[in-house]
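Student: Quick one, structure for this:
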Amino acid sequence: MHIAVLAASGKTGQQLVLHALDRGHTVTAIARRPEALELPASDLLTRASGDVRDRGSIARAVEHADVVVSGLGAVRGDAPGVLLAGARALIGAGSPRILWLGAFGTGRSADIAGALTRGILTLALGSELPDKVAADGEILAAGGTVFHSGPLTNGRLATYHTVPLDAVRRRLIPSSFSRATVASAMLDEAEGPARGGQLLVPVLGPSPRAEAVTS
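Tutor: From the prediction side, this is the model:
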C-alpha cells in the first residue's frame, strides 16, 4: 500500500511515517521542508514538498497514494485556518481515502467528553478550536475518517483498540495516548475496510472481543 503522510515533520507525523515503514508500506512523507525531515533512509520512503496553503503542491504529493494519513496540527507562527486549509487541500486533491487526526472533546466528541474537558480545550486551543472543528467537519462530509484522541505524549506503544464515537464511555478526564499508539491505530484503519464519514476513538486496552476469544 502507498501511504502519504501529511505533516511528516511533526511528532505525530514522524510516528506515522516510521510505523508505516515498519509495516512494509511505500510512504510519501510530506512537509514544507522535506530535506529537514529526520527519518531513516529507506527504499520505501519518498520525501515530498507540500504546503497546505498551496493546493497544487499537496495534489502533486498525494497523487499516487492509496491513503493519506494526516498528523497536521497548528504550530506557533501559523496563520489562522491552517487545519481547514489542509483538509480542503486533501479533499481538492481527490485523495481516494483520508484519515485525519483531531482532538477528543472538540466538535462531535465535545458532548461525550464533558464540560470539564471542553473547558480545558477551549482555554488550551483558543482560536485553533474553531479551525479544528471546521476541518473535522469537512473531512467527514467528504467521506474521510476522523480520529479523536485524548492528550498526546511521547511514550511507548500501548495496547489499544479503536471504537466508534457512540461506543466511548464518558470519563471526567480523557485518557492520554502516546503518539506511537495513535499512529498505530490510524495505520490499522488504513489497512482495513474504509469507514468513511465516521469518527473513531482509540481506547487503551485490548478489545473486549479479543478478550472473549482468549478467555
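
Student: Buried ones in stretch 145-153, by neighbour count?
Tutor: Neighbour-count burial for stretch 145-153, with 16 or more other C-beta atoms under 10 Å as criterion, is recorded at 145-152. Every residue, glycine included, has its C-beta placed from N, CA and C.

Student: distance between the ends of it?
Tutor: 22 Å (C-alpha to C-alpha, to the nearest Å).

Student: do the same with stretch 89-100
Tutor: 13 Å.

Student: Buried residues of that stretch, list them for me.
Tutor: Buried-residue list, stretch 89-100, by 16+ other C-beta under 10 Å: 89-91, 93, 95, 97-100.

Student: what sits up against it?
Tutor: For stretch 89-100, contacts defined as C-beta atoms under 8 Å, 6 or more residues apart in numbering pick out 4, 6, 52, 54-55, 58-59, 62-63, 65-70, 72, 87, 135-136, 138-139, 142-147, 186, 189-190, 194, 196.

Student: Give the buried subset of these as a ChimeraX selection command.
Tutor: In ChimeraX, this line selects whichever of the contacts of stretch 89-100 come out buried by 16+ other C-beta under 10 Å:
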select :4,6,52,55,58,59,62,65,67,68,69,70,72,87,135,136,138,139,142,144,145,146,147,186,189,190,194
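
Student: Restricted to strands, list the contacts of stretch 89-100.
Tutor: Among these, the ones falling in strands (DSSP state E) are 4, 6, 67-70, 145-147.

Student: now these as JSON lines including distance to Ala20 and pLDDT?
Tutor: Shown next, in JSON lines, are the ones in strands among the contacts of stretch 89-100 (distance: C-beta to C-beta, whole Å; pLDDT from 0 to 100):
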{"residue": "Ala4", "distance to Ala20": "10", "pLDDT": "98"}
{"residue": "Leu6", "distance to Ala20": "13", "pLDDT": "98"}
{"residue": "Val67", "distance to Ala20": "9", "pLDDT": "98"}
{"residue": "Val68", "distance to Ala20": "12", "pLDDT": "98"}
{"residue": "Val69", "distance to Ala20": "8", "pLDDT": "98"}
{"residue": "Ser70", "distance to Ala20": "13", "pLDDT": "98"}
{"residue": "Thr145", "distance to Ala20": "16", "pLDDT": "98"}
{"residue": "Val146", "distance to Ala20": "19", "pLDDT": "98"}
{"residue": "Phe147", "distance to Ala20": "15", "pLDDT": "97"}
